[in-house]
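1. dropping a prediction and its sequence here:
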Amino acid sequence: MGPFIVDFVCFENKVILEVDGSQHLEREKMDAERTNFLERSGFHVLRFTNDEVKNELNAVVEKIMDVCSRLDEKHHPHLPSPFKGEEKK
């Protein structure tokens, strides 16, 4: 994406997922600049740590689904969200 490589991207909802390891603790300024560039390009950036993905995967997935459904409703208000009405399991 521009001068950057992203971990995962959903072009439909304009969402970028970044999964950051411990090396990102030393690169906060660079990551902030990268996030600003991506957001100025119209994308919503979600960042998760490796530990969150390993230990709290359900919460990570719920966050992604929540953001995508809200963004989908914003961009396509006439379409029903695929997540509405589904019960949590």
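-> Yes, it's here. Just so you know, these numbers come straight off a predicted model, no measurement behind them.
2. low-confidence ranges in this protein?
-> 22-26, 72-89 (pLDDT under 70).
3. quick one: the helices in it?
-> 28-40, 50-55, 57-75 (DSSP state H).
4. redo those helices as CSV? Include distance to Phe4 and mean neighbour count.
-> Any C-beta I mention is one placed from the backbone N, CA and C, and that applies to glycine too. Converted to CSV, those look like this (distance: least, Cβ to Cβ, whole Å; neighbours: other Cβ atoms under 10 Å):
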stretch, distance to Phe4, mean neighbour count
helix 28-40, 5, 13
helix 50-55, 19, 12
helix 57-75, 20, 14
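5. Asn13: which of those is closest?
-> Evaluated with Cβ to Cβ, the helices of the chain place helix 57-75 nearest to Asn13, the distance being 4.7 Å.
6. report all helices and strands that that closest one contacts.
-> If contacts are counted by 3 or more Cβ pairs under 8 Å, 6 or more residues apart in numbering; DSSP states H and E, helix 57-75 sits against strand 15-20, strand 44-49, helix 50-55.
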